[in-house]
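A.B. asks: The sequence and its predicted three-dimensional model are supplied below.
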2 protein chains.
Amino acid sequence: MLNGGSVPKRVTIDDVARHAGVHKATVSRALNAHTQVQVNAETAERVRAAARELGYVPNFVARGLRLNHSMTVGVIIPDVANPIFPPIMRGIEECLQPRGYTALLANTDGQSAVEDAAFHSLLQRRVDGFIVATGRLDDQPVIAGAFGDGVPVVMVNRWAGSAPYPVVTADNERGIRAAVEHLHELGHRRIAHLAGPANFSTTHQRAEAFSAVTASMAGVAASVVQAGALSAEAGATAMDELLARQGSSRPTAVIAANDLVALGAIRSLRAHGLRCPEDVSIVGYNDMPFAADFWPALTTVRIPLREIGLQGARMLLDAIEAGHQEPATVTLPVTLVVRGSTAIASS
Amino acid sequence: MLNGGSVPKRVTIDDVARHAGVHKATVSRALNAHTQVQVNAETAERVRAAARELGYVPNFVARGLRLNHSMTVGVIIPDVANPIFPPIMRGIEECLQPRGYTALLANTDGQSAVEDAAFHSLLQRRVDGFIVATGRLDDQPVIAGAFGDGVPVVMVNRWAGSAPYPVVTADNERGIRAAVEHLHELGHRRIAHLAGPANFSTTHQRAEAFSAVTASMAGVAASVVQAGALSAEAGATAMDELLARQGSSRPTAVIAANDLVALGAIRSLRAHGLRCPEDVSIVGYNDMPFAADFWPALTTVRIPLREIGLQGARMLLDAIEAGHQEPATVTLPVTLVVRGSTAIASS
DNA sequence: CTGAAAGCGCTAACAC
DNA sequence: GTGTTAGCGCTTTCAG
């Protein structure tokens, strides 16, 4: 049996004090970089030695209670298993770790109830701030409520409709424009958009941009079909619908709301005996990990996932440390990555 | 400006007590499911009303300090962006959340120094236990040291050499056996293994199993080449080496240490003008997300990632709540998933 | 430069 | 059924 029943009592600052023959206040001062100067060099050394010998591990929760912070931030995402989030989280961690913070993670599966519960749970744990990736344009009263609690929040990737939080996102308008222009240059004139849910800021903007950009191009016939979700299944269904409805004036190219939807569209094409890119070109969005290993390798708009996380975390920590935050919006640049799923229009 | 400079003072249990006209101890009792019975029903209702009106959020860190637990577990993984970990984390969360725990996440990139720092940082935050996925067969003194601290640890997927911790993993021997038998049935007689690092328990076992299984099969010529890491790049390099070295007696099938290595092997094949599966069959390991969307769709050994996380978390929480743990090993079953990357041997 | 004392927000004896 | 008291482990005035 490991740890047979009784946990060995953890060593506290008092133990170290006793062992070094000083008062615990002196130990505290000696061990904190900030206050180290206040204590005699050799006393400090004696304290450090005592701490080492006893295997002292400072208790951050006690310290946090006293100092009113937890050095902890809550990260709320829909689903770690959605491939765009891991890179964002890496970016977040990259910023947090050297600054002494750690992330408390919560998945919500996009369900409001779970989201509220997670938010509340993290609030109870006194996280110093939130990074939320579950923004929806329709109301999110609970998240919006953090505003009143004075806990800083930054939105990443998507933003919320109601709450005036800072957000770091990528440039949807330019991404879509690049995709449309790429297809246009390849000779495509009938282009469709497999749009994502209208209550995500990202997919909403992409759909708007698609309409705006195609409307301004002479000779381009644009159509939009709605995908019910940002999944391959929904993408396949939407593509089925497009293929059924269009008859002879079928589009020769489609821009999907994201890579998962694009993946579904490719499956649908295959199921209909059509080839990508020979019969229909497809462009995705996000450049999710392994997008280059699909068949065909996906042409897609790359968004700087890691950078979004990094900047979001940086903005949050700055706000935490400053004690207030400004509702800034930072929009990061995107780039079109041309691979095998787009080709010259055949018809 | 949001939260203009001064954070609104958080409401405490004392505020609620004052507002409800009772003592804070009564508030505590009224609000804790456990002790609710001790208080008069209408007093309790008055307290709840007061809490609601004031927007009281219990402070878990204060409570944790008093109760000596944090309702928090540390999850140490090499890299969230490695596709096998998100499903494991989902499994972990699935168990943690309903039981009131939340996960503190740390990535280590497989570097011992980072790992030690993460471990220490989580220890300072007084996590109630650890789930570690970074096991290595060679020594990990810091992780092993947790043993002495009396903090429960469970290893998931990989295990460590030195520390006697419980572990939940998948059956490597059977997985490799299934892969070899599948290839044998397809007529392959020259089979190679692209082995992973020998200091991971998983890839070590797979390599051992490969040798054992092929040795017991008449007429099978087996060879092993070492991949330097579990990445597509390392897989491609290893495959290059295999292709260069084998000359005319080139293997007709290869079993990779994992899907990433398999992906690299496929790229190498393509670079050499060889086709998969027509010229060489490839089987991966893990059935990582999107393995079915690669080209060709990967035949691979599926390991129950989510289940590994789920069970690992369950074992940990049980140990935390019991106050001690037994060094159990649970080995979960695997299944071979046959897709497009394996075919009948052509030569 | 160091010690004494107070208190962060909470819960658990212990009274009554 | 409810109030009083003490104290979890730490940092920070305030004295000296």
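C.D. replies: Sure, I can see it.
A.B. asks: Look at residue A:318 and say how many residues are nearby.
C.D. replies: Residue A:318 is flanked by 15 other residues according to other C-beta atoms under 10 Å in any protein chain shown. C-beta: built from backbone N, CA, C; applies to glycine.
A.B. asks: Can you show me the CA trace of the helix or strand in which it is found as PDB?
C.D. replies: Residue A:318 belongs to helix A:305-322 when elements are defined using DSSP states H and E. Taking Å, rounded to 0.1, in the frame of the first residue of the first chain, the C-alpha atoms of helix A:305-322 are listed here in PDB:
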ATOM      1  CA  LEU A 305      -3.800  29.900 -33.300                       C
ATOM      2  CA  ARG A 306      -0.800  29.900 -30.900                       C
ATOM      3  CA  GLU A 307      -0.400  33.600 -31.300                       C
ATOM      4  CA  ILE A 308      -4.100  34.200 -30.400                       C
ATOM      5  CA  GLY A 309      -3.600  32.300 -27.200                       C
ATOM      6  CA  LEU A 310      -0.400  34.000 -26.400                       C
ATOM      7  CA  GLN A 311      -1.700  37.500 -26.900                       C
ATOM      8  CA  GLY A 312      -4.900  36.800 -25.100                       C
ATOM      9  CA  ALA A 313      -3.000  35.500 -22.100                       C
ATOM     10  CA  ARG A 314      -0.700  38.500 -22.200                       C
ATOM     11  CA  MET A 315      -3.600  40.900 -22.300                       C
ATOM     12  CA  LEU A 316      -5.200  39.100 -19.400                       C
ATOM     13  CA  LEU A 317      -2.200  39.100 -17.200                       C
ATOM     14  CA  ASP A 318      -1.500  42.700 -17.900                       C
ATOM     15  CA  ALA A 319      -5.100  43.600 -16.900                       C
ATOM     16  CA  ILE A 320      -4.800  41.500 -13.700                       C
ATOM     17  CA  GLU A 321      -1.600  43.200 -12.700                       C
ATOM     18  CA  ALA A 322      -2.700  46.600 -13.700                       C
END
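A.B. asks: Please name every helix or strand in contact with that helix.
C.D. replies: Using 3 or more C-beta pairs under 8 Å, 6 or more residues apart in numbering or on different chains; DSSP states H and E as the contact criterion, the secondary-structure elements in contact with helix A:305-322 are strand A:72-77, helix A:85-96, strand A:129-132, strand A:153-156, strand A:167-170, strand A:329-332.
A.B. asks: how much does it deviate in direction from strand A:72-77?
C.D. replies: Computed with axes from the mean of the first three to the mean of the last three C-alpha atoms, to 10 degrees, the direction of helix A:305-322 lies at 140 degrees from that of strand A:72-77.
A.B. asks: Other residues contacting helix A:305-322?
C.D. replies: A:69, A:73, A:84, A:87-96, A:99, A:101, A:128-131, A:152-157, A:166, A:168-170, A:286, A:325, A:328, A:330, A:332 (C-beta atoms under 8 Å, 6 or more residues apart in numbering or on different chains).
A.B. asks: same thing with stretch A:92-106?
C.D. replies: A:71-77, A:80, A:89, A:118-119, A:121-122, A:125, A:127-128, A:131, A:306, A:309-310, A:312-314, A:317, B:72, B:75, B:80, B:89, B:93, B:97, B:102-107, B:118, B:121-122, B:125.
A.B. asks: wait, isn't residue A:54 in contact with residue A:14?
C.D. replies: No. Contact criterion C-beta atoms under 8 Å: residue A:54 and residue A:14 do not qualify, at 10.9 Å.
A.B. asks: ok, these two, which is more surrounded?
C.D. replies: For residue A:54 and residue A:14, the more surrounded residue by other C-beta under 10 Å is residue A:54, and the numbers stand at 15 against 11.
A.B. asks: For residue A:281, what are phi and psi?
C.D. replies: phi -90, psi 150 (degrees, to the nearest 10).
A.B. asks: what's the burial count for it?
C.D. replies: For residue A:281, the number of neighbouring residues by other C-beta under 10 Å comes to 27.
A.B. asks: again with residue A:142
C.D. replies: In terms of burial, residue A:142 registers 16 neighbours under the definition other C-beta under 10 Å.
A.B. asks: Could you find the closest non-adjacent residue to residue A:269?
C.D. replies: Counting by C-beta to C-beta, 6 or more residues apart in numbering or on different chains, the nearest residue to residue A:269 once its immediate chain neighbours are dropped is residue A:276, at 5.2 Å.
A.B. asks: Tell me the spacing between the residue lying closest to residue A:313 once chain neighbours are set aside and residue A:124.
C.D. replies: Nearest-residue entry for residue A:313: residue A:95, 3.7 Å, with adjacent residues in sequence omitted and distances by C-beta to C-beta, 6+ apart. As for residue A:95, its distance to residue A:124 is 24 Å (criterion: C-beta to C-beta, to the nearest Å).
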